[in-house]
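Return a 3D structure for these sequence lines:
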Amino acid sequence: MIIAALEGPSYAGKSTAITLLRPTLPTGTVMFDCYVQQIKWAADIPPARTRSAAEQLAAFEVFMAIEADRVKHLAHMAAEQRIDLVIADRSVDTLLAHAHALDHLYGFGVYAQATDRLKSLPHLTPDRTFYLDADPDTVQLRRQRQGDRDDYFLHDRSFLAHTRDYFLGPARSPIARQVIPIAAGTIPAAEIAWKIGSLLGPVRR
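Model (predicted):
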């Protein structure tokens, strides 16, 4: 079984790529939506801009409960049928990248605690993570086309720089075994989906 994840800024094109990939994938594929889409009530979604280390750790725990549900669901399905491929819209690396960025921006000191906590919590470890590398100007333009508000914290340039550094910087330490960057701001979604599919091809068993 191969586990793949899609990462990158909001509006980089992850969900669109997954939608285009879906009909091309083989039988025995499991797909997981982004964490926030698995929270029933909008009011229960943790804030993107937490106000303290305690609040950030609480948000981490909320999302890790969803990760535990992913693990449980996958185990249940694997008991009933062969699973060859898992594709997740974001992984625990999203949560660690967020903690890494907030540590740099606000000095919360949460990243080490979250990494340590991860050792005792069930989670999926991606074999391949595709990082859709869209620059801040691209994601901002896409947001504006969708009519989103202008003060979205997850598109703050400093935040984006630190989360990108987690995945692609020289000192990066994602839990994914391999991170493959894709220049998402320069190619159409269909080409992104095709590229991901071609890179997944050799690992299907």
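
Please list all residues in contact with Q37.
D89 (C-beta atoms under 8 Å, 6 or more residues apart in numbering). Where C-beta positions appear, they are placed from N, C-alpha and C, glycine not excepted.

Could you say which helix or strand holds the closest residue to K72 other than its chain neighbours?
In this structure, K72 finds its nearest non-sequential neighbour in P122, 7.6 Å apart by C-beta to C-beta, 6 or more residues apart in numbering. P122 is part of no helix or strand, with elements assigned from DSSP states H and E.

since we're on P122, how many residues are nearby?
By other C-beta atoms under 10 Å, the residues close to P122 number 14.

One more: the one 10 residues further on?
For L132, the neighbour count with other C-beta under 10 Å is 23.

partner residues bridging it?
As for beta bridges, L132 partners with I182 under DSSP bridges.

now T29
L85.

Spit out the contact partners of it.
Here T29 is in contact with 83-87 (C-beta under 8 Å, 6+ apart).

Which member of those residues is positioned nearest D69?
Checking the contacts of T29 against D69 with C-beta to C-beta, the nearest one is V86 at 13.8 Å.

Test my guess that the closest one contacts I3.
Yes. The pair V86 / I3 is scored as a contact, 4.5 Å apart, by C-beta atoms under 8 Å.

and for the two, which residues touch both?
With C-beta under 8 Å, 6+ apart as the test, V86 and I3 both reach L124.

The residue nearest to K72 contacts A68, doesn't it?
Yes. At 4.8 Å, P122 counts as touching A68 under the criterion of C-beta under 8 Å.

Quick test: name the residue nearest the centre of the protein.
R90 (2.0 Å; C-alpha atoms, centre = their mean).

Quick one: the strands in the chain, in order.
Counting by DSSP state E, the chain has strands at residues 2-7, 29-32, 85-89, 128-132, 179-182.

orientation of the longest helix anywhere in the chain relative to strand 2-7 in degrees?
Identified as the longest helix of the chain according to DSSP state H is helix 53-80. Relative orientation of helix 53-80 and strand 2-7, computed by axes from the mean of the first three to the mean of the last three C-alpha atoms, to 10 degrees: 150 degrees.

and the angle from the helix-or-strand element of the chain with minimal mean pLDDT to strand 128-132?
In the chain, the helix or strand scored least confidently by mean pLDDT, DSSP states H and E is helix 136-146, which has a mean of 77. Going by the same axes, to 10 degrees, helix 136-146 is angled at 70 degrees with respect to strand 128-132.

Next up, the contacts around the residue nearest to the centre of the chain.
Contacts of R90 (C-beta under 8 Å, 6+ apart): 5-7, 14, 34-35.

per-residue pLDDT, it?
Turning to R90, the model gives it a pLDDT of 95.

swap in G107?
G107 is given a pLDDT of 94.

most remote residue from the protein's center?
The chain, farthest from centre, C-alpha atoms, centre = their mean: E80 at 27.0 Å.

Apart from its chain neighbours, what residue comes closest to F108?
A53 (4.1 Å).

For the one you found, give me its contacts.
A53 makes contact with 108-110, 113, according to C-beta under 8 Å, 6+ apart.

Check what pLDDT Y166 gets.
At Y166, pLDDT is 96.

just the one 5 residues further on next, same as before
Reading off the per-residue confidence, A171 sits at a pLDDT of 74.
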